[in-house]
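> starting from these lines, generate the structure:
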Amino acid sequence: MNTLFSYLIILLAGLLFGIGLAISGMNDTHVVQGFLDVFGQWDSRLIFVMLAALIVTLLTFPLILKREKPIFDSLFHLPKFSQIDRKLIIGAAMFGIGWGLVGYCPGPAIASISYGYWQTAVFIVSMLIGAFVCNKTTS
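The predicted structure is shown next:
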């Protein structure tokens, strides 16, 4: 497949993802933290975003995996491990704590950089440093 065409498709998919995040409120830290505040002023709006994502995934994932290979790659990149181990639990807990404290996860944080908030930039730099350190300690 033409590399320029592939990059254009990737750009369009990223733009669609970012627009979806903005429309759904997933890149608004107050909405996310309100969703996580189940014992306070709970904001239920994000449950619909998550349910929609789950439905789309359940319907399309089996169809996609029937293909011999992805459209824009030579093979599927699926997890090799299926065990729940200590590293997975610690990583998931760290992700959840960070998401709860800050209200960002990686995708929405990157999409939110366009708002120009310095806090978002600090989060993204911290996230990249964490990914770098994790990569160095696990390889």
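> center of the protein - which residue?
Of all residues in the chain, the one closest to the mean position by Cα atoms, centre = their mean is Gly107, 4.4 Å from it.
> that one: what's it in contact with?
When contacts are counted by Cβ atoms under 8 Å, 6 or more residues apart in numbering, Gly107 touches 17, 21, 26. For glycine as for every other residue, the C-beta is placed from the backbone atoms N, C-alpha and C.
> return the members of those residues classed as buried.
Burial of those was assessed by neighbour count (16 or more other Cβ atoms under 10 Å); the buried members are 21, 26.
> how about CSV for the contacts of Gly107, with distance to Gly100, secondary structure and pLDDT added?
Rendered in CSV, the data for the contacts of Gly107 read as follows (distance: Cβ to Cβ, whole Å; DSSP: H, G, I helix; E, B strand; the rest coil; pLDDT from 0 to 100):
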residue, distance to Gly100, secondary structure, pLDDT
Phe17, 22, helix, 86
Leu21, 18, helix, 83
Met26, 14, coil, 81
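> coming back round to it: list phi and psi for the residue nearest to the centre of the chain.
Its backbone dihedrals place Gly107 at phi -60, psi -60, with angles given as degrees, to the nearest 10.
> just the pLDDT at it, thanks.
According to the prediction, Gly107 has pLDDT 84.
> output the below-cut-off pLDDT ranges for this structure.
Counting by pLDDT under 70, the chain shows low-confidence ranges at 1-2, 139.
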